[in-house]
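Asks: Give me a model of this one.
(chains A, B, C and D)
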2 protein chains.
Amino acid sequence: MGLKERREREKENLRQEILDVARELFVAEGFQNVSMRKIADQIEYSPTTIYLYFKDKNDILMQICEETFALLYRRMQEIEQHSENALECLSKGIKAYVEFGLEHPHHYEVTFIAPIWKDIDKSEEYKYEGSMGERTFGYLRSVIAATVAEGSIKKGDIDAISQTVWAAMHGLTSLLIGHEDFPFVTKEKLIDCLTEMILSGLKS
Amino acid sequence: MGLKERREREKENLRQEILDVARELFVAEGFQNVSMRKIADQIEYSPTTIYLYFKDKNDILMQICEETFALLYRRMQEIEQHSENALECLSKGIKAYVEFGLEHPHHYEVTFIAPIWKDIDKSEEYKYEGSMGERTFGYLRSVIAATVAEGSIKKGDIDAISQTVWAAMHGLTSLLIGHEDFPFVTKEKLIDCLTEMILSGLKS
DNA sequence: ATTATAACTTAACGGTGTTAAGTTTGATTT
DNA sequence: AAATCAAACTTAACACCGTTAAGTTATAAT
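Replies: Model (predicted):
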């Protein structure tokens, strides 16, 4: 009885197609400027069909955020493989994080900047535990722990340090994405400046 | 002929009342959740009347952002008056910036986080030059310049350093505001950790 | 062939920001 | 005092939005 399975596969196909179209639109036009009807037009189904596959518009976004985290996570892992030690890994990782955000500004925006998480957090639908977000941050934490272990940066509360480093990276990324008009110096200068500040700030 | 002046004063009164009501609503319920009709109900005028005083909803927000900057600017100035030297001023300023954001999360959100600036930047309505935003950032820049001058931090591109410091402060503030669910350590720990990282990172 | 069920659509609700056209109001001019 | 004119304000509408309830179609199981 492979019929039921085929059905499920087809259902999964449509679900994936909705995600693909939605991601493309979100990235191109921004979350707020994409309506359910616009997504529906693209997939050539009625708007309400989407609600058979996703709870609501935020639910679609959440799935895409998970994808974003997965992308970022993989890039971080690649860096680890090409690094001699934890400090180099951290240094390259900071640069890569900001550049990842600038390369995928809309991905970054919906995942880290858009004020959607507040609403999502309260609905018990989403669990941070086990999410790609948790894994990705966990990875940063482990790199920080490794730099402490190898003596590259001074000892301290690993969680506090990791979160502070994340905050600094996120700050630069989100400002560069969100405030294009501000007369920033070049992004290269800013990335270098931030990296040096973080690293020498944690050294001693 | 004081009549025309009285009229203008009354017109200015209504304008200010709209701003007051809108600010209160934005702060209480968030920009997105406040409609023009809701504002109109509160001031007991029809929704369209608002458009006689403001170009659109974003325009109202922009005026409020200017107020936010003015508040922040004043707090920074108070800190300067109670500081012995530029380094102390910078240190206290970082702490004050983050705390300001946490005390006025909606103000901070609409001013620094919400992705509204992109739209506003393109419309030539708003000029960064001469805005409170420019003055506030200019103030941070001058404090950084003073720390360099007094030899508290090492020399470098003042603009790059200022922007990096802003980025780091903004990163922590916006994460704390926007991701309440994330298992952060206490905000005090994070503020201390960030301040120390920035200061010792810039020292040498 | 009939029944049950899954997939999908139609139509609608109650909202949104914004605009064009019309009305009231009150001071100025004749 | 009556007519005029401009400013202030409102009504009604447009074209959207996210979402839901009810109805339809198509397919599989009996």
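
Asks: low pLDDT regions in chain A?
Replies: A:1-11, A:115-126 (pLDDT under 70).

Asks: where along it do the helices fall?
Replies: Shown for chain A, the helices assigned by DSSP state H span residues A:3-29, A:36-43, A:57-81, A:86-103, A:105-108, A:117-122, A:132-149, A:158-178, A:187-203.

Asks: Relative to B:Ser142, which of these is closest?
Replies: Each of the helices of chain A was checked against B:Ser142 via Cβ to Cβ, and the shortest separation belongs to helix A:187-203, namely 18.2 Å. For glycine as for every other residue, the C-beta is placed from the backbone atoms N, C-alpha and C.

Asks: Output the contacting helices and strands for the closest one.
Replies: Here helix A:187-203 touches helix A:86-103, helix A:158-178, helix B:158-178, helix B:187-203, going by 3 or more Cβ pairs under 8 Å, 6 or more residues apart in numbering or on different chains; DSSP states H and E.

Asks: Among those helices, which comes closest to DNA strand D?
Replies: When those are compared for distance to DNA strand D using Cβ to the nearest atom of the strand, the nearest one is helix B:158-178, at 19.5 Å.

Asks: Check which helices and strands the closest one sits against.
Replies: Contacting helix B:158-178 under the criterion 3+ Cβ pairs under 8 Å, 6+ apart are the following elements: helix A:158-178, helix A:187-203, helix B:86-103, helix B:105-108, helix B:132-149, helix B:187-203.

Asks: Adding mean neighbour count, write those helices out as a markdown table.
Replies: Conversion of the helices and strands packed on helix B:158-178 to a markdown table gives the following (neighbours: other Cβ atoms under 10 Å in any protein chain shown):
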| stretch | mean neighbour count |
| --- | --- |
| helix A:158-178 | 24 |
| helix A:187-203 | 20 |
| helix B:86-103 | 20 |
| helix B:105-108 | 21 |
| helix B:132-149 | 18 |
| helix B:187-203 | 20 |
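
Asks: Distance to DNA strand D for those - can I get that in JSON lines?
Replies: As requested, the helices and strands packed on helix B:158-178 are arranged in JSON lines below (distance: least, Cβ to the nearest atom of the strand, whole Å):
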{"stretch": "helix A:158-178", "distance to DNA strand D": "21"}
{"stretch": "helix A:187-203", "distance to DNA strand D": "32"}
{"stretch": "helix B:86-103", "distance to DNA strand D": "28"}
{"stretch": "helix B:105-108", "distance to DNA strand D": "22"}
{"stretch": "helix B:132-149", "distance to DNA strand D": "27"}
{"stretch": "helix B:187-203", "distance to DNA strand D": "31"}
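
Asks: Show me the one of these that comes nearest DNA strand C.
Replies: helix B:105-108 (15.4 Å).

Asks: quick one: the closest one near chain A?
Replies: No. Contact check for helix B:105-108 against chain A, using Cβ under 8 Å from any Cβ of the partner chain: none in range, with a minimum separation of 9.9 Å.

Asks: Okay, the residue nearest to A:Pro47 when sequence neighbours are not counted and DNA strand D: tell me how far apart.
Replies: The shortest distance from A:Pro47 to any residue other than its chain neighbours is 4.1 Å, reached at A:Ala40 (Cβ to Cβ, 6 or more residues apart in numbering or on different chains). The span separating A:Ala40 from DNA strand D equals 8 Å under the rule Cβ to the nearest atom of the strand, to the nearest Å.

Asks: Tell me how many other residues crowd A:Ala40.
Replies: The local packing count at A:Ala40 equals 17, with neighbours defined by other Cβ atoms under 10 Å in any protein chain shown.

Asks: cool, and the one 5 residues further on?
Replies: The burial metric for A:Tyr45, expressed as a neighbour count using other Cβ under 10 Å, is 16.

Asks: ok, the residue in chain A that chain B sits nearest to - contacts?
Replies: Residue of chain A nearest chain B, by Cβ to the nearest Cβ: A:Gly171 (2.3 Å). For A:Gly171, the contacting residues are B:Trp166, B:Ala167, B:Ala168, B:Met169, B:His170, B:Gly171, B:Leu172, B:Ser174, taking Cβ atoms under 8 Å, 6 or more residues apart in numbering or on different chains as the criterion.

Asks: can you check A:Glu78 too?
Replies: With contacts defined as Cβ under 8 Å, 6+ apart, A:Glu78 is in contact with no residue.

Asks: Quickly check: stretch A:22-36 near DNA strand C or not.
Replies: No. Contact between stretch A:22-36 and DNA strand C, assessed by Cβ under 7 Å from any atom of the strand, is absent, since the two come no nearer than 9.6 Å.

Asks: ok, and what's touching that stretch?
Replies: Contacts to stretch A:22-36, defined as Cβ under 8 Å, 6+ apart, come from residues A:38-39, A:42, A:47, A:50, A:57, A:60-61, A:64, A:67, A:104, A:106-107, A:109-110, A:114, A:116, B:115.

Asks: swap in stretch A:153-160?
Replies: By Cβ under 8 Å, 6+ apart, the residues outside stretch A:153-160 that reach it are A:87, A:141, A:144-145, A:147-148, A:161, A:199, A:202-204, B:185, B:189-190, B:193.

Asks: and if we set it to 7 Å?
Replies: Contacts of stretch A:153-160 from elsewhere in the structure, counted by Cβ atoms under 7 Å, 6 or more residues apart in numbering or on different chains, are A:Arg141, A:Ile144, A:Ala145, A:Thr147, A:Val148, A:Leu202, A:Lys203, A:Ser204, B:Val185, B:Lys189, B:Leu190, B:Cys193.

Asks: I'd guessed the second one sits against A:Trp166; true?
Replies: This means A:Ile144. No. With contacts defined as Cβ atoms under 7 Å, A:Ile144 does not count as touching A:Trp166, sitting 9.7 Å away.

Asks: I am assuming A:Met169 contacts A:Lys95, so please confirm or correct that.
Replies: No. With the criterion set as Cβ under 7 Å, A:Met169 and A:Lys95 do not qualify as a contacting pair; they are 9.3 Å apart.
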